[in-house]
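In: I'll drop the sequence and a predicted model, then ask my questions.
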Amino acid sequence: MPMDSAARRKVLDYVRPLAVGLDGMTNYGDVERMVSAAEAVAGVSPGVDRDFLFLLAVFSGQEGWVARMGHRSRTELFLASLGVRRETVRALFRALGRFETAPVGPAEEAVHDALRLESLGAYGVARGLADAYRERLDILEMAAALEEAAEASLRTENGRRLAAARKDRMRAFARGLRAEHAEFSGPSASREHG
């Protein structure tokens, strides 16, 4: 039986505070963004279980929390109370650890690509610069990190289509950052502008 909107709301309410607590950067809207992004990547793909896709998207990034003692069984009990089948919960837990490296099946691949999309484009630049600031990277290191992020590989055709313009924007920003940094750096720049 498919999850209704009330059950989905309960799952979102369960996960959102966890997401915020884990990295200090996530806000409540990010969980819903991930669901929307995964649904956009999955599109009308045949064979995608929409409830499983929803759970994967909502719990993506929560594998560390779920793995902690007691949290896994707590989460299992919570999902069972909403009518989520035991096999679905087991499949969810197996999938959480492999999004980054080896997603299996169309739903996992859609969430993999949705996670990648969050790190691309203007949104990715903003997140990347916040991370770089926390890590105390200099400007050229920031530009290199953005260029590296723009090389992210995607597994689905929809993911690649949605990522193309985002990757271009990210690369253009990194180029502009390097160019503006070079403009006033070094001895020749001082003579030209002095």
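Out: Received, thanks.
In: Can you point out the buried residues in the one helix or strand residue 78 maps to?
Out: Assigned by DSSP states H and E, residue 78 belongs to helix 71-81. Buried residues in helix 71-81, counted by 16 or more other CB atoms under 10 Å: 75, 76, 79. From N, CA and C alone the C-beta is placed, and that goes for glycine too.
In: Check the spacing between the last one and residue 105 real quick.
Out: Between residue 79 and residue 105 the distance is 19 Å, computed by CB to CB, to the nearest Å.
In: And the second one, by the same measure?
Out: When distances are taken as CB to CB, residue 76 and residue 105 turn out to be 21 Å apart.
In: what's the neighbour count on residue 55?
Out: Using other CB atoms under 10 Å, residue 55 is surrounded by 26 other residues.
In: Pull the contacting residues for residue 111.
Out: Contacts of residue 111 were listed using CB atoms under 8 Å, 6 or more residues apart in numbering, and they are 34, 38, 41, 53, 56, 57, 60, 95, 99, 103.
In: which residue sits closest to the first one, ignoring its sequence neighbours?
Out: Beyond its immediate neighbours in the sequence, the residue positioned closest to residue 34 (CB to CB, 6 or more residues apart in numbering) is residue 57, lying 4.7 Å away.
In: relative orientation of the strand or helix carrying that neighbour and helix 71-81 in degrees?
Out: Element membership for residue 57 (DSSP H and E) is helix 50-59. Interaxial angle of helix 50-59 relative to helix 71-81 (axes from the mean of the first three to the mean of the last three CA atoms, to 10 degrees): 140 degrees.
In: Helix 50-59: what's the following helix or strand?
Out: Reading on from helix 50-59 to the C-terminus, the next helix or strand found by DSSP H and E is helix 63-67.
In: by contact count, what packs against that next one?
Out: When contacts are defined as 3 or more CB pairs under 8 Å, 6 or more residues apart in numbering; DSSP states H and E, helix 63-67 packs onto helix 5-23, helix 71-81, helix 86-96.
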